[in-house]
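**Q** What follows is a protein structure lacking sequence information:
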Ligand SMILES: Nc1ncnc2c1ncn2[C@@H]1O[C@H](COP(=O)(O)OP(=O)(O)OP(=O)(O)O)[C@@H](O)[C@H]1O
Ligand SMILES: O=P(O)(O)OC[C@H]1O[C@](O)(CO)[C@@H](O)[C@@H]1O
Ligand SMILES: [Mg+2]
């Protein structure tokens, strides 16, 4: 089916190119367009819009929407302990009215009052009806962008029925990966909520998955008294680590410790580990609930509106950006350069640039040429040449007298020497794009005989070693409490987050299918381009 050229897609076509048309291969996940490159006189096939992760649907079947919704429902159904073992529910011990139990004056149960979430409550995952696959940020199922309700997402919160006897429960909490503002707030809320159910035996596992088998890392007993003030400081009260995820050993350790619930706080890698632990527990038919709370300042977990710590990191970045701005503005031909965290995704850099309002050039990993994910549209940037970053910097110096560049650590890796080194978790060790850019800018201005004064700021760990700001603290509260409700409801292999402003539970595999990237066709990236005024660097 031929589709109108997506002329509204900012940055997709450079001046030397012309759209010839777009089409979508039946059941494929991509809208493909053909551009004509005037210089090389060649046609190029490019991906313009994405239809991520759609099941193979036959759109000629009049019931395709029902089929889609059925598949969607299956994908987002939550694994439950009763799937593999015989467990009976009992009425919850989590009372929302602790001083006045659920009784009316006559002593009979108040049937009409219900503060609990029904297992059949669902939240809508998508709320925009796109008119065309070329609409900014369009995420369509069929070529006509038909409206299909995607609502099979389970609402998070306390249930009337629970699957554990709180007085016999032993619950563990573990924090994995890198630090993130709000970890202590989540630990604290998990403990407070467990106690509210009546759990007395709560322990912290030290330093991530390593704490399960490193002999000298003993369990930390946790209680309201112990965690009362931990949210006042950044970091993790339990410590974090990378690597050390031997799933079989961890499940042996879970059995040896007699844990009934494990709350796992971490990013993509941690979620993969937690899911593997959940699968192993299922295989061994253990009555253990594994529940994750997504933790990443990079905000790179699929489907979630926002992960905790992200807002705080963006706020912390403002100090660095503002300092770079002051330096650049005050210097003669000053160029401020700030490198921010974001291994694969540019959310922090994009939001920090938008928030500051002073950034002239924002470079994110999604704009790198080296990424090969088929679900991503690319807006590659070049440093040299007439359309390059350096030429634009010349222009800014000529016109404004100074310039401010904000770059994500994962951006432009194609310009750096690859080491192929990985950290203990298997994450690629990145080259330093900040140092590279600094050198490139300096030598460029030297070469063209124009004075420049480059001030480079790398605030890296200052972004995440701080305590959560007010909005993240609230998010942590919601997530920590919901994690406990999910475990008591008998779910396992799930994570909790905010989708479309609603609090939901999601099966872990659905959120780790890939990293979440900034969509260069989204309104947010377009807003960033409008704000910085930067041209296409290609
Ligand atoms: N695919 C995987 N399967 C099992 N365990 C994994 C996997 N990937 C990572 N892990 C384990 O999960 C833990 C955390 O992983 P990682 O260091 O990648 O951090 P993360 O959870 O992705 O958080 P961050 O956002 O800080 O990177 C480590 O102990 C690591 O060994
Ligand atoms: O130096 P560490 O602790 O491995 O963490 C660095 C990484 O952690 C992250 O912040 C993700 O949490 C990345 O942006 C960054 O590359
Ligand atoms: Mg990770």
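**A** Alright, I've got the coordinates. Treat the numbers as computed from the prediction; the structure is a model and nothing was measured. Numbers count the residues shown, from 1 in each chain. Ligands and ions are numbered 1, 2, ... in the order given.

**Q** For stretch 80-96, give the mean pLDDT please.
**A** The average pLDDT for stretch 80-96 rounds to 94.

**Q** For it, buried residues please.
**A** 80-81, 84, 92, 94 (16 or more other CB atoms under 10 Å). For every residue, glycine as well, the C-beta is placed using N, CA and C.

**Q** got it, and stretch 408-421?
**A** The neighbour-count criterion (16+ other CB under 10 Å) identifies 408-413, 415 as the buried residues of stretch 408-421.

**Q** and which of those residues is nearest to ligand 2?
**A** Relative to ligand 2, the closest of those is residue 409; by CB to the nearest ligand atom it sits at 5.8 Å.

**Q** where do the helices sit along the stretch 301-450 of the chain?
**A** Assigned by DSSP state H, counting those that start in this stretch, the helices in the stretch 301-450 of the chain fall at 310-330, 347-356, 389-399, 433-447.

**Q** how would you label the closest residue to residue 209 other than its chain neighbours: helix, strand or coil?
**A** Spatially, and ignoring its direct neighbours in sequence, residue 209 is nearest to residue 245 (4.5 Å; CB to CB, 6 or more residues apart in numbering). Residue 245 falls in the coil class when you classify it by DSSP: H, G, I helix; E, B strand; the rest coil.

**Q** tell me which element residue 254 falls in.
**A** Under the assignment given by DSSP states H and E, the secondary-structure element containing residue 254 is helix 247-257.

**Q** what's the model's confidence in that helix, averaged?
**A** The predicted model assigns helix 247-257 a mean pLDDT of 97.

**Q** and the helix or strand just after that helix, what other elements does it pack with?
**A** If you walk from helix 247-257 toward the C-terminus, the next helix or strand you reach (DSSP H and E) is strand 261-266. For strand 261-266, the elements it packs on are strand 170-175, helix 183-197, helix 268-283, strand 289-294, helix 470-488, judged by 3 or more CB pairs under 8 Å, 6 or more residues apart in numbering; DSSP states H and E.

**Q** and the residue nearest to residue 209, what does it touch?
**A** 209, 269, 273, 276, 425 (CB atoms under 8 Å, 6 or more residues apart in numbering).

**Q** Farthest pair within these?
**A** Maximum pairwise distance in these, criterion CB to CB, is 13.4 Å, between 276 and 425.

**Q** And for whatever residue of the stretch 351-500 of the chain ends up closest to ligand 3, the neighbour number?
**A** Nearest to ligand 3 in the stretch 351-500 of the chain, going by CB to the ion, is residue 427, at a distance of 5.8 Å. Applying other CB atoms under 10 Å, we find 18 residues neighbouring residue 427.

**Q** repeat for residue 514
**A** Applying the criterion other CB under 10 Å, we find 16 residues in the vicinity of residue 514.

**Q** Ok, the one 4 residues further on next?
**A** For residue 518, the tally of surrounding residues (other CB under 10 Å) stands at 25.

**Q** Contact partners for the nearest residue to residue 403 once chain neighbours are set aside?
**A** Once its chain neighbours are removed from consideration, residue 403 has its nearest residue in residue 396; the separation is 3.9 Å (CB to CB, 6+ apart). Contact partners of residue 396, counting by CB under 8 Å, 6+ apart, are 360, 402-403.

**Q** before we move on, back to that, export the helices and strands packed on strand 261-266 to TSV and tack on mean neighbour count, distance to ligand 2 and mean pLDDT?
**A** Formatted as TSV, the entries for those read as follows, by neighbours: other CB atoms under 10 Å; distance: least, CB to the nearest ligand atom, whole Å; pLDDT from 0 to 100:
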stretch	mean neighbour count	distance to ligand 2	mean pLDDT
strand 170-175	26	12	98
helix 183-197	24	11	98
helix 268-283	22	9	98
strand 289-294	30	11	98
helix 470-488	23	14	98
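
**Q** Indicate which one of the ones you listed is closest to residue 164.
**A** Each of the helices and strands packed on strand 261-266 was scored for nearness to residue 164 using CB to CB, and the closest is helix 470-488 (5.9 Å).

**Q** Return the list of helices and strands in contact with the closest one.
**A** With contacts taken as 3+ CB pairs under 8 Å, 6+ apart, helix 470-488 sits against helix 183-197, strand 261-266, strand 289-294, helix 310-330, strand 494-499, strand 502-507.

**Q** Would you mind listing what in the chain touches ligand 2?
**A** Selection of the chain residues close to ligand 2 by CB under 6 Å from any ligand atom yields 177-178, 242, 267, 296-298, 341-343, 409, 423, 464.

**Q** please redo it, this time with the cut-off set to 5 Å
**A** With the criterion set to CB under 5 Å from any ligand atom, the chain comes near ligand 2 through 178, 298, 341, 343.

**Q** quick one, what contacts residue 534?
**A** Residues 360-362, 392 are the ones in contact with residue 534 under the rule CB under 8 Å, 6+ apart.

**Q** at 10 Å what do you get?
**A** Listed by CB atoms under 10 Å, 6 or more residues apart in numbering, the contact partners of residue 534 are 11, 353, 359-363, 381, 389, 392, 396, 405, 528.

**Q** Tell me the pLDDT of residue 127.
**A** Looking at residue 127, its pLDDT stands at 89.

**Q** low-scoring stretches of the stretch 301-450 of the chain, by residue?
**A** Regions of the stretch 301-450 of the chain meeting the criterion pLDDT under 70 cover residues 367-379.

**Q** Could you report the neighbour count for the closest residue to residue 278 other than its chain neighbours?
**A** Counting by CB to CB, 6+ apart, residue 493 is the residue found nearest to residue 278 once chain neighbours are left out, at 3.6 Å. Number of residues near residue 493 (other CB under 10 Å) recorded here: 25.

**Q** Taking the stretch 1-150 of the chain, what residue is nearest to ligand 1?
**A** Residue nearest to ligand 1 within the stretch 1-150 of the chain: residue 79 (17.1 Å; CB to the nearest ligand atom).

**Q** and residue 314, how far is that from residue 462?
**A** Taking CB to CB, to the nearest Å as the measure, residue 314 falls 13 Å from residue 462.

**Q** These two: which has the busier surroundings?
**A** The residue with more neighbours, out of residue 314 and residue 462, is residue 314; 24 against 15, by other CB under 10 Å.

**Q** Can you name the residues that contact the residue lying closest to the more buried one once chain neighbours are set aside?
**A** Here the nearest residue to residue 314 in space, its sequence neighbours aside, is residue 351; by CB to CB, 6+ apart that works out to 4.6 Å. When contacts are counted by CB under 10 Å, 6+ apart, residue 351 touches 299, 306, 310-311, 313-315, 317, 340, 362, 518, 524, 528.

**Q** could I get the contacts of residue 396 as a markdown table with neighbour count?
**A** Listed next are the contacts of residue 396 as a markdown table, based on neighbours: other CB atoms under 10 Å:
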| residue | neighbour count |
| --- | --- |
| 360 | 23 |
| 402 | 20 |
| 403 | 26 |
